[in-house]
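Peer 1: need a structure here:
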Amino acid sequence: MSPGPGTRWIAGTGAASLKRWLVLRPDAFADSLSEVSLAGLRGLGMRGIIVDLDNTLVGYGRDDLMPADEAWIAQAKEAGFKIVLVSNNFTTRVVRIGDRLSVPTVSAALKPLPGGFLRALKLLGTPKSATVVVGDQLFTDVLGAKLVGLHSILTHPLVPHDWHGTKILRLLERLVLGRRSRRKAS
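Peer 2: Have a look, this model is predicted:
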């Protein structure tokens, strides 16, 4: 079952020797949050969506939302999805953006540690098997999702500017995944 044209799902290898590396493999790639097909997620049984904040929903350090992503959040809520924002940022900024979207938030999540994801699951009230994490970082969003047993979609970062610690993780990302090129959704 396909999640839609904007999301490229990855087939699992099934090889036991590669199982330990699967925590570093997203279930799918999407160019941006707004390219993730809500119908596709629904078809896969997803009911809860955990959305990363910086460089997934808003540019790093910014509060302004891309109109397409703001519309995507509204459409997801209208379609009956439960959404929560999860960020390693401190409370004030995260809550301000969550309030604007009328969605709950988890700040200071310490991703990839499980605590923030588990708090998000509690807020969502959805089972792990019906919850997906959408984020732009392999070593925080995807790894954290996998450690908790959640599905994951890796997006491209909205802007090239990142926190200095993230720049190092981006180099490691390229070693693990190779360079991801932007492709138009078919």
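Peer 1: Helix or strand: which one has residue 115?
Peer 2: Assigned by DSSP states H and E, residue 115 belongs to helix 114-124.
Peer 1: The very next helix or strand once past that helix: partners in the sheet, and parallel or antiparallel?
Peer 2: Sequence-wise, the next helix or strand downstream of helix 114-124 (DSSP H and E) is strand 131-135. Strand 131-135 has the following strand partners under DSSP bridges: strand 48-52 (parallel), strand 151-155 (parallel).
Peer 1: Just send those back as CSV, with mean neighbour count too.
Peer 2: Any C-beta I mention is one placed from the backbone N, CA and C, and that applies to glycine too. Supplementary listing: the strands paired with strand 131-135 in CSV, determined by neighbours: other CB atoms under 10 Å:
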stretch, mean neighbour count
strand 48-52, 27
strand 151-155, 26
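Peer 1: beta partners for residue 155?
Peer 2: Counting by DSSP bridges, residue 155 is bridged to residue 30.
Peer 1: residue contacts, the residue nearest to the spatial centre of the chain?
Peer 2: Centre of the chain computed as the mean C-alpha position; nearest residue by CA atoms, centre = their mean is residue 134, 1.5 Å away. Taking CB atoms under 8 Å, 6 or more residues apart in numbering, we find residue 134 in contact with 30, 33, 36, 49, 50, 51, 52, 56, 141, 152, 153, 155.
Peer 1: The second one and residue 75, how far apart?
Peer 2: It stands for residue 33. 11 Å (CB to CB, to the nearest Å).
Peer 1: Which of these two has more residues huddled nearby?
Peer 2: It is residue 33, of residue 33 and residue 75, that has more neighbours when counted by other CB atoms under 10 Å, with 26 against 12.
Peer 1: Residue 56 is in contact with that one, correct?
Peer 2: Yes. Residue 33 sits in contact with residue 56 when judged by CB atoms under 8 Å, with a separation of 5.8 Å.
Peer 1: quick one: common contacting residues for these two?
Peer 2: In contact with both residue 33 and residue 56: 134, 155, using CB under 8 Å, 6+ apart.
Peer 1: Helices of this protein, start to end?
Peer 2: Remark: helices assigned in the chain by DSSP state H are 38-43, 67-78, 91-101, 114-124, 143-148, 164-177.
Peer 1: Can you pull out the low-pLDDT segments for the protein?
Peer 2: 1-23, 159-186 (pLDDT under 70).
Peer 1: Let me know how buried the closest residue to residue 52 other than its chain neighbours is, in neighbour terms.
Peer 2: Excluding its sequence neighbours, the residue lying closest to residue 52 (CB to CB, 6 or more residues apart in numbering) is residue 135, at 3.3 Å. Residue 135: 28 surrounding residues under other CB under 10 Å.
Peer 1: Could you do the one 5 residues further on as well?
Peer 2: By other CB under 10 Å, 24 other residues sit near residue 140.
Peer 1: What of residue 30?
Peer 2: The number of residues packed near residue 30 is 24, by other CB under 10 Å.
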